[in-house]
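> sequence first, then the predicted structure:
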Amino acid sequence: MPILLFLIDTSASMNQRTHLGTTYLDIAKGAVETFMKAGWKENHATFMNELKNLQAEGLTTLGQSLRTAFDLLNLNRLVTGIDNYGQGRNPFFLEPAIIITVTDGSKLTTTSGIQEELHLPLNSPLPGSELTKEPFRWDQRLFALVLRLPGVSSPESEQVAGVPVDDSAITPMCEVTGGRCPGFL
């Protein structure tokens with residue numbers, strides 16, 4: 001069974017409102033809630049409570065957040081024996097993981113300024129992390145839902161064949177892991 005990890009952008013730009021009056025953060029919470037109702041069998045009251053308490057404030061630290069997400073997934077792999085450095089890869093030890101990021105695709109902001117590209121910190125506290133080049137493993141995929149919803153409704157809607165790929169800073173990381181980054185207009 002794959003692990004689903006939701007990563008929601010809680011930067012201040014997620015307070016933008018759509019033409020319906022809902023914020024981007026409200027839409028992100030609704031998307032995660034829909035995922036959970038569709039497939040979660042256990043009691044998820046704690047999860048839903050934490051989801052409802054999310055607030056949009058501060059900077060867009062998506063790189064550090066992604067690194068933390070990969071570190072948590074890889075720590076679990078290390079504890080369960082799936083990552084066994086120096087002993088080869090056992091294909092039957094498999095722990096597929098899907099990270100679903102919901103963001104507005106705005107510029108990445110840090111305390112030192114605005115970044116054009118997504119940068120994941122190279123240092124990791126996990127033992128053995130210096131033995132792997134990438135922060136992700138072969139069975140981990142990153143998908144990003146980039147919200148680009150207008151603030152006013154338009155009378156004409158464009159017909160688009162398929163779901164377009166977004167050109168935000170997270171797109172290259174999605175492609176490297178084998179995931180996708182569709183933009184929702």
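That came in fine, so what should we check first? Numbers count the residues shown, from 1 in each chain.
> which strand residues bridge the most centrally placed residue in the chain?
Nearest to the mean C-alpha position of the chain, counting by Cα atoms, centre = their mean, stands Thr101 at 2.2 Å. Residues in a beta bridge with Thr101, per DSSP bridges, are Leu7, Ala144.
> isn't it right up against Leu147?
No. Thr101 lies out of contact with Leu147 (Cβ atoms under 8 Å); the separation is 11.0 Å. (Glycine included, C-beta is placed from N, CA and C.)
> doesn't Ile98 lie inside a strand?
Yes. Under DSSP: H, G, I helix; E, B strand; the rest coil, Ile98 falls within a strand.
> how about the strands in this protein?
Assigned by DSSP state E, the chain shows strands spanning 3-8, 97-103, 108-110, 113-115, 140-147, 183-184.
> could you export the fifth one as PDB, keeping only the C-alpha atoms?
Which is strand 140-147. Extracted C-alpha coordinates of strand 140-147, given in PDB (Å, rounded to 0.1, in the frame of the first residue of the first chain):
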ATOM      1  CA  GLN A 140       8.800   8.000  -4.400                       C
ATOM      2  CA  ARG A 141       6.800  10.300  -6.700                       C
ATOM      3  CA  LEU A 142       6.100  14.000  -6.300                       C
ATOM      4  CA  PHE A 143       2.900  15.500  -7.700                       C
ATOM      5  CA  ALA A 144       2.000  19.200  -7.400                       C
ATOM      6  CA  LEU A 145      -1.400  20.700  -7.800                       C
ATOM      7  CA  VAL A 146      -0.800  24.300  -8.700                       C
ATOM      8  CA  LEU A 147      -3.800  26.600  -8.200                       C
END
